[in-house]
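1. Okay, sequence plus prediction incoming.
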Amino acid sequence: MAISLKSLPEEEFVAPGRGGCAGCPAVLGARMASKVLGKNTIQVTSTGCMCVNYGYYAATRFPFVHTLFENAGSIISGIDAALKARGEREGINLFAYCGDGGTVDIGLQALSGAVERGHRFLYICYDNEGYMNTGTQRSGATPPGARTSTTPVSEISPGEGRPFRRKKDMVRIMAAHGIPYAASASLAYPLDYLRKIKKAIAIDGPTFIHLQSPCLNGWGLAESQGVAVARLAVETCVFPLYEVEEGRVLNINVKPREKKPVTEYLQVQGRFRHLFTPRWQGEIAKFQAEVDRNWEMLLALEQATGSRGNQ
């Protein structure tokens, strides 16, 4: 599944100009996906930031379906079934591009049913770790210690996670369904992301990619910091890049030569600034311990499943 920047078409499949924030990584992720998928595509997107960006006439060169928060999985499986019934399924790339609110929380039931039924589609979750389009509320993907509008910092709470709560691991949740392919991806590693899209869309069955997509406003970042913070997430192992095939074989795609401490990732984000005060600095050690446990678990799973190793 080799892919290169030179192999991507120069043609643009999304319109210039949009309603999103300057420098928004989620927009970059959608544009990159369209370069692989091409114009023979139908996109389904649940309510969220991307409906502001691309949910208007002529914003994309392929059909775009705006769904409610809860039913992207139902809509995309219905489109798959309808195309098959009409004998028109071949040659069409069917994919969803939905936020974490519409994926890990409100839309999880519909997505679970869609993949259980075995419909053919690629589902990409752009994870900005909160309901960023409606005021920066926490979601099931919000990491511990993060300040959101619904998990404010106080004398008794460090933000999200009192008691300590882990964000939902959607790659492993989807892999547990036994689907052919589930993976995590980062905008800081574009060729890895593009390769995974190309691999996933070619599979005759449901596939899932979890794309970390920093929210500049919600995370307290400058316009130019989105990709750099995404890279730090991988280098600190806060957001490991790996793939799971047939719910069994796990392959880690990027192994940092020297794993950076989570402080390098946390300190550049406004939503974690309070963790560096005397009152809440102990939460950083908990965060680091959780990251270390998760990374060691992934390494053990890779070794146990006889993975191919890095690609």
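-> That came in fine, so what should we check first? Numbering: from 1, shown residues only.

2. what about the helices in the protein?
-> 25-37, 49-54, 72-85, 108-116, 170-175, 190-201, 216-219, 226-235, 262-266, 282-304 (DSSP state H).

3. Compare the mean pLDDT across the ones you listed and name the weakest.
-> Mean pLDDT values for these show the minimum at helix 49-54, a mean of 84.

4. Surely Leu37 is in contact with Asn93?
-> Yes - Leu37 is within contact range of Asn93, at 4.5 Å (criterion: C-beta atoms under 8 Å). Any C-beta I mention is one placed from the backbone N, CA and C, and that applies to glycine too.

5. overlap in contacts of those two?
-> Counting by C-beta atoms under 8 Å, 6 or more residues apart in numbering, the shared contacts of Leu37 and Asn93 are Ile201.

6. re the thing from before, out of the helices of the chain, flag the one nearest Glu160.
-> helix 282-304 (10.2 Å; C-beta to C-beta).

7. Can you tell me what sits against that closest one?
-> 143-145, 158, 161, 164, 166, 236-238, 240, 242, 250-252, 259, 261-263, 266, 275-276, 309.

8. Run the chain-centre distance for it.
-> 19 Å (C-alpha atoms, centre = their mean, to the nearest Å).

9. now could you export just the CA positions of that helix as PDB?
-> Extracted C-alpha coordinates of helix 282-304, given in PDB (Å, rounded to 0.1, in the frame of the first residue of the first chain):
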ATOM      1  CA  GLY A 282       0.500  15.700  40.900                       C
ATOM      2  CA  GLU A 283      -2.000  15.000  38.000                       C
ATOM      3  CA  ILE A 284       0.900  15.000  35.600                       C
ATOM      4  CA  ALA A 285       2.400  11.900  37.200                       C
ATOM      5  CA  LYS A 286      -0.900  10.100  36.900                       C
ATOM      6  CA  PHE A 287      -1.100  11.200  33.200                       C
ATOM      7  CA  GLN A 288       2.400   9.900  32.600                       C
ATOM      8  CA  ALA A 289       1.700   6.600  34.400                       C
ATOM      9  CA  GLU A 290      -1.400   6.000  32.200                       C
ATOM     10  CA  VAL A 291       0.500   6.800  29.000                       C
ATOM     11  CA  ASP A 292       3.300   4.400  30.100                       C
ATOM     12  CA  ARG A 293       0.800   1.600  30.900                       C
ATOM     13  CA  ASN A 294      -1.000   2.000  27.600                       C
ATOM     14  CA  TRP A 295       2.300   2.000  25.600                       C
ATOM     15  CA  GLU A 296       3.600  -1.100  27.300                       C
ATOM     16  CA  MET A 297       0.300  -2.900  26.700                       C
ATOM     17  CA  LEU A 298       0.400  -2.100  23.000                       C
ATOM     18  CA  LEU A 299       4.000  -3.400  22.800                       C
ATOM     19  CA  ALA A 300       3.000  -6.600  24.500                       C
ATOM     20  CA  LEU A 301       0.000  -7.000  22.200                       C
ATOM     21  CA  GLU A 302       2.200  -6.500  19.100                       C
ATOM     22  CA  GLN A 303       4.600  -9.100  20.300                       C
ATOM     23  CA  ALA A 304       1.900 -11.500  21.200                       C
END
